[in-house]
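**Q** Predicted structure and sequence below. I'll ask about it afterward.
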There are 2 protein chains.
Amino acid sequence: MAVAGIGVIPFRSVAIAGVGLLGGSLGLAMKQRGAARRVIGIGHRQSSLDKALALGAIDEATLDIREGVAEAELTILATPVGVMADLVKTAKESFPRGAILTDVGSTKAELARTIEELAGDSVHYVGSHPMAGSEKHGVEQADAGLFDNALCFITPTSHTQPNALAVVTEFWQALGAHVRISAPPEHDRLVAQASHLPHVVAAMLVNVTTPDAMACIGKGFRDTTRVASGNPRMWADVCLQNRDRILEALRSFSHEIRTVSDIIDRKAEAELLAWLEAAKAVRDHHVQA
Amino acid sequence: MAVAGIGVIPFRSVAIAGVGLLGGSLGLAMKQRGAARRVIGIGHRQSSLDKALALGAIDEATLDIREGVAEAELTILATPVGVMADLVKTAKESFPRGAILTDVGSTKAELARTIEELAGDSVHYVGSHPMAGSEKHGVEQADAGLFDNALCFITPTSHTQPNALAVVTEFWQALGAHVRISAPPEHDRLVAQASHLPHVVAAMLVNVTTPDAMACIGKGFRDTTRVASGNPRMWADVCLQNRDRILEALRSFSHEIRTVSDIIDRKAEAELLAWLEAAKAVRDHHVQA
């Protein structure tokens, strides 16, 4: 097999480990955009693989990761972050020479350390994190357009092979994503604020609301807490892997609660208005409604 | 003019003070559902009134609240909560005999005390709070279906005239809302949790996020903070009027941050998973996706 390099798209063969919402969307997106001739789905439940085949998200299916990666120029891990290391350990000897490995996990520093150590020279790893997803799960929810215009972090380290970085970059661009290259610790700091803190906050909001008040929620509460309906297993992994950055974000949130409570307690109307106006201005600036 | 009573719908004449998103939607909904023959819009800017007229949300417009309420069987205050008392003070002598007054404010206990004291016998007041709205504003965003299937609190006190309570209940039901009758303090406690806390939390999330992280936000952050783009004036009023209940909700949120930070700090995976699963189960139970 030839070594993958720039201009390798369409790949002859791409393997996706984990065919849920993200894995299935990757398969559909590659098909729609002609990024891969053949997509191999690797799962741990035959029923999910059968659904993915029926939806056309994958061309072939296997329950055995060693078999799944054996002919793939590119393998993408799309499982919860906490099981990725085990998958790499199992598949290690089966990657073809020159193969590239990436993942779609929401945390990067600890994962990159673990995978690079485990993989050694058996595969060229470079982490990715597309900022796309949903509180829904299952391949039934897969969407070929999920990565279109989404931000996708690519997180090289000092061990990353430059060619693998170029190929993975080209891959995400082919799916319509806007690529941002950041070192793993920088990624984890940014995403702790932009994604992980909002998830923890949403779950906290649900968990502090008394049952009688839950019966009175409207659209505001529903939207504010949407992400709390996400996959608990996936988010537990994220909280543990990005622990220090998330704890740091929670501390700054606690500090903000003290600031705002003090403003409300003092009935400091002008300060309160300025604080609400600042939030509105920043959000409106960054969000196209 | 006959006194309004059960079966009075369609009203001959309803006045709406404040023709923004809520006031405009009220006008459109009344038209669509045949709840009023004539809708009078009262505003403080001719431009908003002109837009409301053009959209068909109101039939007549005035900048003078005394003129606006003079022939209305029902007047609805749809301005920020903080200016409602002044409007009642100004309009007090102009309400026709037997007229009913309600409002759409998000806080009820302090407002009911103030309005009942100001209005005396000049008008029959009973508070309302439809749990509908948007972070958008302006009559351009008005929607005839805004109240359809929305929860609407009606908040009588010991001074409320039973007939006014019945008429206001019938009114909201005619617009498609599900009515819930609660005493004002009970309303304020429930809504502090179900609506006010999520708003303050959304604004906090935006205000603690560093500019480099704001550049990386995805759909999760956007939805979690949607309500932070709401009207700062309106939300400042809400925070001040429902101060004690919101401070109480912020205290319980702070307590939850300590609990969760401790779980993450101890890497207590099973506890973390159970905590995330509880949030998902409660939200999924109460929210039809």
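**A** That came through, no problem.
**Q** any idea which helix or strand comes after the helix or strand hosting residue A:76?
**A** Element membership of residue A:76, judged by DSSP states H and E, is strand A:74-77. Going down the chain from strand A:74-77, the next helix or strand is helix A:81-91, by DSSP H and E.
**Q** quick one: that next one to chain centroid distance?
**A** The chain centre lies 16 Å from the centre of helix A:81-91; the measure is Cα atoms, centre = their mean, to the nearest Å.
**Q** What is it packed up against?
**A** Packing contacts for helix A:81-91, counted by 3 or more Cβ pairs under 8 Å, 6 or more residues apart in numbering or on different chains; DSSP states H and E, involve helix A:65-69, strand A:74-77, strand A:100-103, helix A:109-119, helix A:232-241. Any C-beta I mention is one placed from the backbone N, CA and C, and that applies to glycine too.
**Q** I'd like the ones you listed laid out as CSV, including mean neighbour count.
**A** What follows is the helices and strands packed on helix A:81-91, written out as CSV (neighbours: other Cβ atoms under 10 Å in any protein chain shown):
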stretch, mean neighbour count
helix A:65-69, 20
strand A:74-77, 28
strand A:100-103, 27
helix A:109-119, 19
helix A:232-241, 23
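**Q** To chain B, which of these lies closest?
**A** Distances from chain B to each of the helices and strands packed on helix A:81-91 were compared using Cβ to the nearest Cβ; the shortest belongs to helix A:232-241, at 3.7 Å.
**Q** That closest one vs helix A:109-119, what angle?
**A** Between the axes of helix A:232-241 and helix A:109-119, defined by axes from the mean of the first three to the mean of the last three Cα atoms, to 10 degrees, the angle is 90 degrees.
**Q** quick one: helix A:232-241 to helix A:81-91, angle?
**A** An angle of 90 degrees separates the directions of helix A:232-241 and helix A:81-91 when computed by the same axes, to 10 degrees.
**Q** continuing past helix A:232-241, what's the next helix or strand?
**A** Proceeding N to C from helix A:232-241, the next assigned helix or strand is helix A:243-265, under DSSP H and E.
**Q** What lies in contact with that next one?
**A** For helix A:243-265, contacts defined as Cβ atoms under 8 Å, 6 or more residues apart in numbering or on different chains pick out A:188-189, A:192-193, A:196-197, A:200-201, A:238-239, A:271-272, A:275, B:200, B:203-205, B:207-208, B:239-240, B:243, B:246-247, B:250-251, B:253-254, B:257-258, B:260-261, B:264-265, B:267.
**Q** which among these end up buried?
**A** Judged by neighbour count, with 16 or more other Cβ atoms under 10 Å in any protein chain shown as the criterion, the buried members of those are A:188-189, A:192-193, A:196-197, A:200-201, A:238-239, A:271-272, A:275, B:200, B:203-205, B:207-208, B:239-240, B:243, B:246-247, B:250, B:253-254, B:257, B:260-261, B:264.
**Q** I'd like the helices and strands packed on helix A:81-91 as CSV, with mean pLDDT and distance to residue B:25 appended.
**A** As requested, the helices and strands packed on helix A:81-91 are exported to CSV (pLDDT from 0 to 100; distance: least, Cβ to Cβ, whole Å):
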stretch, mean pLDDT, distance to residue B:25
helix A:65-69, 98, 54
strand A:74-77, 98, 46
strand A:100-103, 98, 46
helix A:109-119, 95, 48
helix A:232-241, 93, 36
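**Q** Turn these into TSV, including distance to chain B.
**A** TSV is the format used below for the helices and strands packed on helix A:81-91 (distance: least, Cβ to the nearest Cβ, whole Å):
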stretch	distance to chain B
helix A:65-69	24
strand A:74-77	19
strand A:100-103	17
helix A:109-119	12
helix A:232-241	4
